[in-house]
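# Sequence and predicted structure below; questions after.
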Amino acid sequence: MTNLPPLAPLASFRAAARHGSFTKAAQELHVTHGAVSRAVKQLEGFFGFELFERRNRGIYLTDRGRAFAAQVETLFAGLERTCEELKTTSPAPRLSVSCEPTLAMRWLMPRLDDFHRAAPDAEVLLSTAGGLIDLSEQGVDLAIRRSDFAWSGRYHSESLGREPIGPVCSPAYWAAHEHTPKRLLHTRTRPSAWTDWKGLSGQTPDADAEQYFDHFYFSLQAATAGLGLAIGPLPMVRDALAQNLLVAPYGFTTTPTDYVVITRRPPAPDSPAQAFITWLTQTLDLPRS
């Protein structure tokens, strides 16, 4: 194996070649700029020639660097496919799912047993997180997110439907405040929720007070407890509405934001991931764009 270069630096080289930047490669790999630079220099020391030209504070693949990058990309893609095949051919396939916390707690978890009955051979391992995600590094097969951020173009994504939102409160709160100014409940994780709804719906409830919470889940719990009106995304309040724990006096307005599923590549038609995505789409039953 004397003709093989050191293998550890290959991930850094691959990321730097893809981004054309040591800084962006470091951000993707969650390491320092210096670590990426040293990894590339280690490879260049092995080959005895430069893989990148450094000029004008930028980096540019040399001809030999470009040829090597193509081979490295092919090898990594093949390795990733092999690993995925090994996982999906196991006797009891496991599907690792990352979901936004409030959607997971208020909508997905109460319904997971329905999916298990529909696909008894698939085991869902659920974790909660929002925003950016590195599927490979975090060992996640599938992420459920709102489309309010940019994710890597190397991932596959598909829409589960548009998000309807509307103010919600307890029936007792509405009975007491239908004709009086209301307390508006805000969440710091989505601070523009009220502004977005007002702009889309054209409605502006009279308000005499405001209260802020650190997370969407808490603002919805506060609304259920009768503390005021909170903006409720329909999937997150659907059960509470059906149980008459909440009412939606102004109805729901469909937003331009989608719920999306993000995967490394399009799932195979007969895979657990595709079965889960199909079930999600049917069960969420959201407006389509």
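On my side now, so go ahead. Residues are numbered from 1 along each chain as shown.

# Can you get me the centre-to-centre distance for the worst-scoring helix or strand of the chain on mean pLDDT and its chain?
The helix or strand of the chain with the poorest confidence is helix 63-88; it has a mean of 83 (mean pLDDT, DSSP states H and E). Chain-centre distance of helix 63-88: 24 Å, with CA atoms, centre = their mean, to the nearest Å.

# just stretch 278-288 next, same as before
17 Å.

# What of stretch 24-41?
24 Å.

# just stretch 143-161 next, same as before
Counting by CA atoms, centre = their mean, stretch 143-161 comes out at 6 Å from the chain centroid.

# can you list contacts of that stretch?
97-100, 103-104, 108, 129-133, 135, 163, 257-266, 277, 280-281, 284-289 (CB atoms under 8 Å, 6 or more residues apart in numbering). Using the backbone N, CA and C atoms, a C-beta is placed for each residue, glycine as well.

# tell me the SS of the residue nearest the centre of the chain?
The centroid of the chain falls nearest to residue 145 when counting by CA atoms, centre = their mean (3.6 Å). Of the three states, residue 145 takes strand under DSSP: H, G, I helix; E, B strand; the rest coil.

# Give me the mean pLDDT for the strand or helix carrying residue 162.
Taking DSSP states H and E as the criterion, residue 162 maps to strand 156-168. Mean pLDDT, strand 156-168: 96.

# mind listing what's buried in it?
157, 160, 161, 162, 163, 164, 165, 166, 167, 168 (16 or more other CB atoms under 10 Å).

# Now the third one: closest residue in space that isn't a chain neighbour?
Beyond its immediate neighbours in the sequence, the residue positioned closest to residue 161 (CB to CB, 6 or more residues apart in numbering) is residue 286, lying 2.6 Å away.

# Residue 240 versus that neighbour, what's the distance?
17 Å (CB to CB, to the nearest Å).

# And residue 213, by the same measure?
On the measure of CB to CB, residue 213 and residue 240 end up 16 Å apart.
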